[in-house]
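1. sequence first, then the predicted structure, then my questions.
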Protein chains: 2
Amino acid sequence: MPHTYQHPRPALTVDCVVFGLDTQHSLKVLLIRRKLPPFAGEWALPGGFVHLDESLEQAARRELREETGLDHVFLEQLYSFGAVNRDPRERVVAIAYYALVNLQEYTLHAETDASDAAWFTVTKLPPLAFDHDRILNTALARLKGKLRYEPIGFELLPKKFTLYQLQKLYETVLGYPVDKRNFRKKFLKMNVLTALDEVEPGANHRAARLYKFDEKNYQSLKETGFNFEV
Amino acid sequence: MPHTYQHPRPALTVDCVVFGLDTQHSLKVLLIRRKLPPFAGEWALPGGFVHLDESLEQAARRELREETGLDHVFLEQLYSFGAVNRDPRERVVAIAYYALVNLQEYTLHAETDASDAAWFTVTKLPPLAFDHDRILNTALARLKGKLRYEPIGFELLPKKFTLYQLQKLYETVLGYPVDKRNFRKKFLKMNVLTALDEVEPGANHRAARLYKFDEKNYQSLKETGFNFEV
DNA sequence: TCAAAAGTGTTCCTGGTACACCCATGC
DNA sequence: GCATGGGTGTACCAGGAACACTTTTGA
């Protein structure tokens, strides 16, 4: 069933840059191997065409679900890419989103074929289809920038985490080491962490206390003009 | 000449939020009165459909030129708006940009009809067509946020300006007063302002020294890891 | 007993903030 | 001479940065 318009229209897609943090504290991105040309066999960001009856964010979530099995993840619009020749077939405008997932609690279940989705360390990426390397770099820059003044880092960690994990997260994403004592002092003074009466399980050294992010207190602090800044 | 596609496509527009600062230090937005339904007679952001042979930014610049006569202005992508029913006619996705112009050096020359474009103080806006109030509020939030850590404020001022003008700009956009001595100290210490051997003309009080933004020095400072922050 | 990370305070210095008066000019 | 903004310095305080050792646990 064809659809006809008076003026030509670009095709419209959403593409998702999905970040995860593995247990070795390295930052990963989720890629999909393309089956069809163009760029058949190459790796690309998960994404696809926007349907008429769904918002942009809904489209991004649907594509994530269909292509990777991920659902209910942190998702935020990143930027829109519309260079004239970014797709060799025809004019395609991509609205990019980025997502943060907790690699320990999620597993991939691509409805189509799980072997076509894989996590790559951001520093060791394969060649990407289309302009997806640009999109990915934009997402990485956004993540780095945003991590320091909004508490989005917790999305990459399990609900219960140690201060060491939190610190490594910041060091990994920002790309430089931070001082342990100052880091702890700063975070604890912010009153957005709740200390739990539990310690990390299965450590082959002294077990660290577990914390959780205090979403409620963060919200009320924010209303009183508090600035999260690391 | 109709255009036919296998799957239906949303229409794609670019919309521009154009900010200016008038001589009374009030922040203005440029709006266009719509001639055609829907929302005929109401005020809306300048914008229009993306052509196949132009990038998104090119489309935004073309629309600005056609509808308002503005050209060569600071322009940056803002956000994409794609709620299903944001346009009553059909599905339309809007990629919003925001622009900063210097009201003293630019005048409006709409190629179509200049009387259909007008500047409104952001605190006294008329009802807007579509979801343009949301777009405008998003732009305002971005402007406020960005002003403090990137030197985009200069785009709203003439090339030569006084420290008083610069301070008023910050006070107007941010919405709170700042201390004169501290503001000057901070800005001058950053080494991004060049003092000129000129003073402001036509003041009915002691004339203030004029400054210009030192783009070159800002760039080189940035490369050495300098953070502009007000 | 060794390896690995947990946990903890103090000092120094920079940079933010608060604050008030005289000066130059045009009318 | 009056109104308007121009222009300037200091004192205090909070918060960032640098820095090292003892403790706990499991293997």
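-> Nice, I can see it. Since this is a predicted model, take the numbers as computed values, not measurements.

2. skipping its backbone neighbours, what lies nearest A:Pro38 in space?
-> A:Pro88 (5.1 Å; Cβ to Cβ, 6 or more residues apart in numbering or on different chains). C-beta here means a position set from N, CA and C on the backbone, and glycine is covered the same way.

3. same question but for A:Gln165, I mixed them up
-> That would be A:Leu157: by Cβ to Cβ, 6+ apart, it lies 5.8 Å from A:Gln165.

4. quick one on the thing from earlier: how many residues are close by the residue nearest to A:Pro38?
-> 10 (other Cβ atoms under 10 Å in any protein chain shown).

5. now do it, the pLDDT please.
-> At A:Pro88, the pLDDT value in this model is 98.

6. quick check: it touching A:Asp131?
-> No - between A:Pro88 and A:Asp131 there is no contact under Cβ atoms under 8 Å: 11.1 Å.

7. and chain A, which residues reach chain B?
-> Neighbours of chain B within chain A, by Cβ under 8 Å from any Cβ of the partner chain: A:2-12, A:49-50, A:52-57, A:59, A:77, A:79-80, A:82-84, A:91, A:93, A:95.

8. cutoff 7 Å now
-> Contact residues (Cβ under 7 Å from any Cβ of the partner chain) of chain A with chain B: A:2-12, A:49-50, A:52-56, A:77, A:79-80, A:82-84, A:91, A:93, A:95.

9. give me the buried subset of these.
-> A:8-12, A:50, A:54-56, A:77, A:79-80, A:82-84, A:91, A:93, A:95 (16 or more other Cβ atoms under 10 Å in any protein chain shown).

10. buried residues in whichever strand or helix holds A:Asn217?
-> Here A:Asn217 sits within helix A:215-223, counting by DSSP states H and E. Of all the residues in helix A:215-223, those buried under the rule 16+ other Cβ under 10 Å are A:218, A:221.

11. low-confidence stretches in chain A?
-> Within chain A, the stretches with pLDDT under 70 are A:107-115.

12. hey, where'd the strands end up in chain A?
-> A:3-5, A:11-21, A:27-33, A:43-44, A:47-49, A:74-81, A:92-101, A:117-121, A:193-199, A:209-213 (DSSP state E).

13. now those strands in CSV, with distance to A:Lys146?
-> Output for the strands of chain A, formatted as CSV (distance: least, Cβ to Cβ, whole Å):
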stretch, distance to A:Lys146
strand A:3-5, 38
strand A:11-21, 11
strand A:27-33, 14
strand A:43-44, 24
strand A:47-49, 21
strand A:74-81, 9
strand A:92-101, 9
strand A:117-121, 21
strand A:193-199, 19
strand A:209-213, 15
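
14. for B:Gln24, which of those strands is the nearest?
-> Nearest of those to B:Gln24, taken as Cβ to Cβ: strand A:74-81 at 35.1 Å.

15. now the closest one against strand B:11-21, angle please.
-> 90 degrees (axes from the mean of the first three to the mean of the last three Cα atoms, to 10 degrees).

16. I'd like to check the angle between strand A:74-81 and strand A:92-101, please.
-> 160 degrees.

17. what pairs with strand A:74-81, parallel or antiparallel?
-> Neighbouring strands of strand A:74-81 in its sheet, by DSSP bridges, are strand A:92-101 (antiparallel).

18. just give the nearest non-adjacent residue to A:Pro201, would you?
-> A:Pro201 sits nearest to A:Ala207 (Cβ to Cβ, 6+ apart), 7.4 Å away.

19. state the distance from the one you found to DNA strand C.
-> 7 Å (Cβ to the nearest atom of the strand, to the nearest Å).

20. neighbours of that residue, just the number please.
-> Neighbour tally, A:Ala207, other Cβ under 10 Å: 13.

21. for chain A, what lies in contact range of DNA strand D?
-> Within chain A, the residues that sit near DNA strand D (Cβ under 7 Å from any atom of the strand) are A:179-182, A:186, A:203-207, A:229.

22. now for those residues: which two are most distant?
-> Farthest pair in the residues of chain A next to DNA strand D, by Cβ to Cβ: A:Asn204 and A:Glu229, 34.8 Å.

23. picking that back up, so which of the strands of chain A comes closest to DNA strand C?
-> strand A:209-213 (3.6 Å; Cβ to the nearest atom of the strand).

24. anything in the closest one near DNA strand C?
-> Yes - applying Cβ under 7 Å from any atom of the strand, one finds that strand A:209-213 is in contact with DNA strand C at A:Arg209.

25. buried set for that strand?
-> In strand A:209-213, counting by 16+ other Cβ under 10 Å, buried: A:210-213.

26. for that strand, name the packing helices and strands.
-> Here strand A:209-213 touches strand A:193-199, going by 3 or more Cβ pairs under 7 Å, 6 or more residues apart in numbering or on different chains; DSSP states H and E.

27. what angle sits between the strand it packs on and strand A:209-213?
-> 140 degrees.

28. tell me the spacing between the residue nearest to A:Pro201 and A:Phe154.
-> A:Ala207 sits 21 Å away from A:Phe154, taking Cβ to Cβ, to the nearest Å as the criterion.

29. count of residues packed around A:Leu125?
-> For A:Leu125, using other Cβ under 10 Å, the count is 14.

30. now swap in the one 5 residues further on and tell me
-> Here the count is done by other Cβ under 10 Å, and A:Phe130 has 23 residues near it.

31. wait, what's in contact with the nearest residue to A:Asp53 once chain neighbours are set aside?
-> Distances taken as Cβ to Cβ, 6+ apart put B:Val84 closest to A:Asp53, at 6.3 Å, once the chain neighbours are dropped. Shown in contact with B:Val84 (Cβ atoms under 7 Å, 6 or more residues apart in numbering or on different chains): A:53-55, B:91.

32. and A:Thr4, by the same measure?
-> Per Cβ under 7 Å, 6+ apart, neighbours of A:Thr4: B:2-4.

33. let's see it at 6 Å
-> Counting by Cβ atoms under 6 Å, 6 or more residues apart in numbering or on different chains, A:Thr4 makes contact with B:2, B:4.

34. also the one 10 residues further on?
-> Contacts here follow Cβ under 6 Å, 6+ apart; on that basis A:Val14 touches A:47, A:50, A:59-60, A:95.

35. roughly how far apart are A:Arg91 and DNA strand D?
-> A:Arg91 is 46 Å from DNA strand D, by Cβ to the nearest atom of the strand.

36. in chain A, where's the longest helix?
-> For chain A, the helix with the greatest residue count under DSSP state H is helix A:132-147.

37. which other helices and strands contact that one?
-> strand A:74-81 (3 or more Cβ pairs under 6 Å, 6 or more residues apart in numbering or on different chains; DSSP states H and E).

38. hmm, try it at 10 Å
-> strand A:11-21, strand A:27-33, strand A:43-44, strand A:74-81, strand A:92-101, helix A:163-174 (3 or more Cβ pairs under 10 Å, 6 or more residues apart in numbering or on different chains; DSSP states H and E).

39. could the ones you listed go into a markdown table alongside distance to A:Tyr149?
-> Shown next, in a markdown table, are these (distance: least, Cβ to Cβ, whole Å):
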| stretch | distance to A:Tyr149 |
| --- | --- |
| strand A:11-21 | 18 |
| strand A:27-33 | 19 |
| strand A:43-44 | 31 |
| strand A:74-81 | 14 |
| strand A:92-101 | 16 |
| helix A:163-174 | 12 |
